[in-house]
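**Q** I need the structure of the sequence given here:
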Amino acid sequence: MRRENQEGIDEYCKLAITRNRTQPSFKNKRAFFRKVDKLPAGPEWICDLVNMAGDVIGPNGEPLSEELELWRSDPVECIRELIGNPAFKEHMSYAPVKVTRDGIHYYGEMNTADWWWNKQGTLPPGATIAPWITASDKTQLTVLRGDQTAWPVYLTIGNIDKAIRRKPSAHATVLIGYIPVSKGLCFSKATRSEAGYGLFHSCMAKIFHPLIEAGKIGVEMLCADGAVRRVYPILAAYVADHPEQCLIACCKENRCPRCIVPRKNRGDNRKFPLRDHEKTAAILRRLGEGRSASAAYSKQGLRPVYKPFWADLPHTDIFACITLDILHQLHKGVVKDHLPVWCQKIVGKEALDECFAALSKAHGLRHFRHGISKISQWTGSEAKEVEKVLLGLLVGRVSSQALKAIRGLLDFVYYAQQHFDIPKLHSLVHYIEAIRRLGCLDGVNTESSERLHIDYAKKAYRSSSRKDYISQMALWLQRQEAVVRQDAYLGWIGGELQRELERDKTAFLEADNLDLHDLGQHEDDAGDTPEDRDGFALPDEVKALRELVNSNVSRAYSIPLTPSARRVNLDSLIAHYGAIAFLDEINEYLRDNYPTATQLTAHSIQLEVFHSVAVLLPANIHFSNEKRLCKLIAAPAKPRTNDRKPVPARFDCALFVQDDELFNSEGGLEGLRAGQVKVIFRLPWWMGVDEHLVYVHWFCPFRTSDPVTGLASTSHSTHAQQRNASIMRMGDILRPCHLMPKFGTTTLNPEWQADNILNEPITFLLNRYLDFHLFHSLAT
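**A** Now for the predicted structure:
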C-alpha cells in the first residue's frame, strides 16, 4: 500500500482509467478502508493509559502530571502467529540439535547452541520451546525539523531460521508495542532520569506480562507443520544498542550490562563475574522497599529501578539474554568510532585517504575514491568496507605492534563476526560465550531492528497527520498488517517466499553488493557504477549455477548468454584489453591442447568476448551457501557517450588452481597462483574448441604469509621485462581475489590510481579480508 492517505487514494479513484477500466469495488478512501478493515488482521492493538505523577508543583499548587498512551498487542498471540505460519514450514525448528564434524561443535542457528539444550532439560517431556527474541530502539521520526520520536518494540522467535528473520519482507519479526516517549517536564532535573527508567520498565512489564504465565505452564499452539505442541515461550535474547542495554540491565552507561567489571577496568583483558538475575532483582526490590542502598548496589553501578520488567519472567537470565551488538559494538563502536581515528593519528588523514583511493577494485569491495575522512555519514556499511582493506594498506606505514593489534581486532570481528577504557571494546570478552549460548550472532543483531524502523515507525509516521500520531500509526499498521497477511497468504499458495530466497542468492548480479543506504547517498564513493554492470549475467542466466549452491561441487562458473563484444580482433585485444602476447599464447595453447586445430594469425582472430563471469565458491561450513556466488570482471574502458559518464577499465584478479593434488591435500594457498584476468573469450565455433578461456597476466607464486599480518605477498611474474601471460581454462579459476599494493613508508606516487595500480612493478598483498569465505579458507 502506497500513498494510502486521503489525497492519494481519492486521486486514484478519480482517475479515468480507474473509473472506466479497473473499476474497483470502492469509490473513495473511506470505502477502501472499510474493505481493508474486513480483512483478517493479526492480534488487536490495546491502548493503556499511563499516568506519570511528577514532583514539580504547578500554578494551582498541585504536582504536575502527564498522561501517556502505551500501545501494545498480546505477545503470546504474536508468537502463535509466527510459529503457526505455514510459509515458514521449511525454515522452522522445534528442538535443539548438535552439529559436529570431526568432534568439533559448530554453532549456527539458535537450536544448535547451548542455551536451547540447557532450557530443554528443565521443562517437562514433550515441551517445545519458543525462544522469543525482542528488540527495542528509540528512533527519530522527523528529519531536520521537529523532535518527534517513537520507541517501537519488536518480537520474533528463534525457531525460525535467522536468514528468514533478517528479511523484512518475510514478516518474521513483528511489532508488539510502542513505548511512550516523555520529556519528563513534570519532574525536576534531579528526578527526571529516574522517572524515565521507571516508565520504560513499567511499560515493558505490561507488554510482556502475558508471557509470564505462558512461560511457566506452556500454551498449546498449532505449528507450521500442522502439529499441535505445548509451547513454552522463554526469553532468549534482547537486542538493543549499548545505552538501551544499560537501561534494561538497570545499570549506568559507563558499566557493562552483562558483568560487574569496575568502570576503570573495562580495558582489562580478563573476565569478571557475570551479573546475577535473582540477586540483582533482590537488591533493587529491597531498595524500593525503603531500605538503604547496599554496597553491592554501588559496586555494580545500578540505577534506582525498583521493579524491573524482567524480574518475574520464568526461566530467564536477563543479563545473559542481552545480546552483543555486532553493528554498534564492533562495526560502528570499535571499527568506525576508534580504529580509523587511531590510524589517522599515526599515518595522517591525507596519507590514509590517498592509500584508500589508490586501491584496486574488486567484486564485493567498495572503492573510496576520495578516501574515508570526507565521508559525511558513517553507517555499518562503511565500517564493514573499511575492515576489508585497513590492515593491508597500513603494512609498512605503522609499527609491527600496531599491525598486530589491528589484525587481532579485525580477526575477532571476522570470527564473531595498552589500556582502553571503552565500554564497547570491553564487550569483546563476552562474544565467545554469547556465540556458544545463542549461535551465530548475525541472527540477533541490531541491523535487523534498525531496518524495521523504516516500515514500522518512519513510514507509519509519514502516513499520519503528525498530531497524536502514535494512535494513527497503530491504526495504519493494523491495516498494513491486514493487507500483508492477505498478500502473504497468496504468496504462500504460490511459493513466493522460496522464490524470493532464490532471488536473493543472485541479487549481487544486479546490485553488486552495494548497501541500500549507499545507493544515492554516497554515489561518489560507490564501488561500481551502473555502467560497470552493463552486460553482466542476469539471474535467469545463472539458474544452473544457483541450483548448485547447496551442493558439494567445488568449482563451477556461468558465462552470460550474450557476449559483451563480438568479432573482437587482435588490434582491439591489444589496445583495449592489454593482451599484448595474445597471439603467441593462444597458438601455444592450441598446440598443447588441440594439436589438430588451425593456428591463428593476426588477421584471423575474431573472438566473442565476455566482460564478466559468475563463479561458485567452494563449499565452506563457516560460510552461508547463499553467499557462494561471486563475480569476476574483465572489462575495457568505456568512453563518454551523451550524458553517460566514462567508465574506466577494470580487470579483476583471481586465484587459479595450478596443482589440484597439492591444493586438495594441503588447502590454503598451496597449489594456487594469482593472475589478472584480461580477456574472457570463446574461440570461433569452426575451430572445434568448445570451452571458455581466459587470457591471464601472472603474478609470482605467493611467498610465505607474514607472521605479523598473516598476509601473503606476491609481485609481477616477468621475463625479459615483459609480463608472463598464458591462456587458461575458465574452470581453472577457483575464485576472484583482491591484491593490495604494499605502500610502504615512501610518499605515494601521484600516478598510482585504482585503475592502473595493478600494472605497477611493486609488491602486492593478498587481501584475506575480502570476504568471510576467503578469510576462513586462509585461517590458520
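**Q** can you pull out the strands in the stretch 651-780 of the chain?
**A** 653-657, 672-682, 693-698, 713-714, 718-719, 722-723, 725-729, 733-737, 739-741, 764-766 (DSSP state E, counting those that start in this stretch).
**Q** For those, could you give me a markdown table that also reports mean pLDDT, distance to residue 74 and mean neighbour count?
**A** All C-beta spots, glycine's among them, are computed from the backbone N, C-alpha and C. Listed next are the strands of the stretch 651-780 of the chain as a markdown table, based on pLDDT from 0 to 100; distance: least, Cβ to Cβ, whole Å; neighbours: other Cβ atoms under 10 Å:
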| stretch | mean pLDDT | distance to residue 74 | mean neighbour count |
| --- | --- | --- | --- |
| strand 653-657 | 96 | 54 | 22 |
| strand 672-682 | 96 | 57 | 23 |
| strand 693-698 | 97 | 60 | 24 |
| strand 713-714 | 96 | 60 | 20 |
| strand 718-719 | 92 | 72 | 10 |
| strand 722-723 | 92 | 69 | 15 |
| strand 725-729 | 96 | 61 | 19 |
| strand 733-737 | 94 | 49 | 23 |
| strand 739-741 | 94 | 54 | 24 |
| strand 764-766 | 96 | 54 | 25 |
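**Q** nearest to residue 402, of those strands?
**A** Across the strands of the stretch 651-780 of the chain, residue 402 has its closest neighbour in strand 764-766 (16.2 Å, Cβ to Cβ).
**Q** ok, the closest one: who's next to it in the sheet?
**A** Strand pairing for strand 764-766, using DSSP bridges, gives strand 713-714 (antiparallel), strand 739-741 (antiparallel).
**Q** between those, which gets nearest to residue 170?
**A** Between the strands paired with strand 764-766, strand 739-741 lies closest to residue 170; by Cβ to Cβ that is 37.3 Å.
**Q** what sits against residue 114?
**A** With contacts defined as Cβ atoms under 8 Å, 6 or more residues apart in numbering, residue 114 is in contact with 436, 437.
**Q** Please disregard the earlier target; I meant residue 260.
**A** Residue 260 neighbours (Cβ under 8 Å, 6+ apart): 272, 273, 274, 275, 299, 300, 301.
**Q** could those go into TSV alongside distance to residue 467?
**A** Putting the contacts of residue 260 into TSV (distance: Cβ to Cβ, whole Å) gives the following:
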residue	distance to residue 467
272	49
273	50
274	46
275	42
299	47
300	43
301	40
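**Q** So which of these is the closest to residue 691?
**A** The closest of the contacts of residue 260 to residue 691 turns out to be residue 274 (Cβ to Cβ; 59.6 Å).
**Q** count of neighbours near the residue nearest to that closest one when sequence neighbours are not counted?
**A** Using Cβ to Cβ, 6 or more residues apart in numbering and skipping the chain neighbours, the partner closest in space to residue 274 is residue 259 (5.0 Å). Per other Cβ atoms under 10 Å, the neighbour tally for residue 259 reads 18.
**Q** In contact with the spatially closest residue to residue 718 that is not a sequence neighbour, which residues are there?
**A** Among residues not flanking residue 718 along the chain, residue 724 sits closest, at 6.2 Å (Cβ to Cβ, 6+ apart). Contacts of residue 724 were listed using Cβ under 8 Å, 6+ apart, and they are 697, 698, 717, 718.
**Q** any idea how far the second one is from residue 716?
**A** Taking Cβ to Cβ, to the nearest Å as the measure, residue 698 falls 8 Å from residue 716.
**Q** what is in contact with those two at once?
**A** The contact sets of residue 698 and residue 716 overlap at residue 723 (Cβ under 8 Å, 6+ apart).
**Q** Out of the contacts of residue 260, the closest to residue 287 would be?
**A** Of all the contacts of residue 260, residue 287 sits closest to residue 300, with 12.0 Å by Cβ to Cβ.
**Q** What confidence value was assigned to the closest one?
**A** pLDDT, residue 300: 91.
**Q** Which residue comes closest to it once chain neighbours are left out?
**A** Closest residue to residue 300 apart from its sequence neighbours, by Cβ to Cβ, 6+ apart: residue 260 at 5.0 Å.
**Q** possible to save the strands paired with strand 764-766 as CSV with distance to residue 364?
**A** Converted to CSV, the strands paired with strand 764-766 look like this (distance: least, Cβ to Cβ, whole Å):
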stretch, distance to residue 364
strand 713-714, 21
strand 739-741, 15
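**Q** What's the separation between the residue nearest to residue 300 and residue 324?
**A** From residue 260 across to residue 324, the span is 17 Å (Cβ to Cβ).
**Q** What count of nearby residues applies to the nearest residue to residue 110 once chain neighbours are set aside?
**A** The shortest distance from residue 110 to any non-neighbouring residue, by Cβ to Cβ, 6+ apart, is to residue 158 (3.6 Å). For residue 158, the neighbour count with other Cβ under 10 Å is 26.
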